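K.L.:
turn this into a structure:
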Amino acid sequence: MKLYWSPGTRAIRTVWMLEEAGLDYERVSVDLSLPERNPEFLAASPMGKVPALSDGDVSLWESAAICLYLADRYAAGHLAPVATASDRGLYLQWMFFAPGAIEPATAEKEAGRLSVPRVNGWGSFEKMIDTWQRALAGKTWIAGDCFTAADVMLGSCAIAMRVNGTLPNSSALEAYADRCMARDAYQRAIAAEG
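P.N.:
As a prediction, this is how the structure comes out:
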């Protein structure tokens, strides 16, 4: 298994996920500043984006897709509810809340763009934060009592928002980020980043 990554990118999610799953993998560094991309990397990621994963005859790019794939293939019942579990729908909802709501709402806020909630699928930054906080109320992890791949996705967002100053003053989100950062697998992922 090969993970194409570059430090300081969303590829940290996939490193964290691989560490949570306890999988053996090779990290292949991609220099995103170079205009040319290695053909082997482009075979895994036609857009030349990181992260990208090659696992035998399977190649994937997009961090949410990679995390979902790894959880389902290698950690079903541990980092992902099995397909027939009653909490599978909730888990899937939160898996895609990061790329579908958190990231676009945060990018909009950081760019100072006017939010158009009736048009935006994510509503607004404030609505996204309120929804996220309410979902964590009384819970340790987003989909219930157990840590899942959805926490890798959302936890990486909370941590990144803390670092770049966009995480609002929220005891629920701060505590969530702290719990995620305290995980051994996250610590190994950060060490791998250098």
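
K.L.:
residue ranges with poor pLDDT in the chain?
P.N.:
For the chain, applying pLDDT under 70 flags the ranges 117.

K.L.:
distance of the residue nearest the centre of it from L60?
P.N.:
Centroid check for the chain by C-alpha atoms, centre = their mean gives M153 as the closest residue, at 2.6 Å. Note on M153: its distance to L60, by C-beta to C-beta, to the nearest Å, is 15 Å. Any C-beta I mention is one placed from the backbone N, CA and C, and that applies to glycine too.

K.L.:
got it, and L70?
P.N.:
9 Å.

K.L.:
more neighbours: those two, which one.
P.N.:
Neighbours were counted for L70 and for L60 using other C-beta atoms under 10 Å; L70 has more, 26 against 19.

K.L.:
how about the CA coordinates for the one helix or strand that one maps to, as CSV?
P.N.:
Assignment of secondary structure by DSSP states H and E places L70 within helix 63-74. In CSV, the C-alpha atoms belonging to helix 63-74 read as follows (Å, rounded to 0.1, in the frame of the first residue of the first chain):
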residue,chain,number,x,y,z
SER,A,63,-9.3,12.1,1.8
ALA,A,64,-12.9,11.2,2.7
ALA,A,65,-13.0,8.5,0.0
ILE,A,66,-9.7,7.1,1.2
CYS,A,67,-10.7,7.1,4.9
LEU,A,68,-14.1,5.5,4.1
TYR,A,69,-12.3,2.8,2.0
LEU,A,70,-9.7,2.0,4.6
ALA,A,71,-12.3,1.9,7.4
ASP,A,72,-14.6,-0.4,5.4
ARG,A,73,-12.0,-2.7,4.0
TYR,A,74,-9.6,-3.0,6.9
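
K.L.:
mind listing what's buried along it?
P.N.:
Neighbour-count burial for helix 63-74, counted by 16 or more other C-beta atoms under 10 Å, picks out S63, A64, A65, I66, C67, L68, Y69, L70, A71, D72, Y74.
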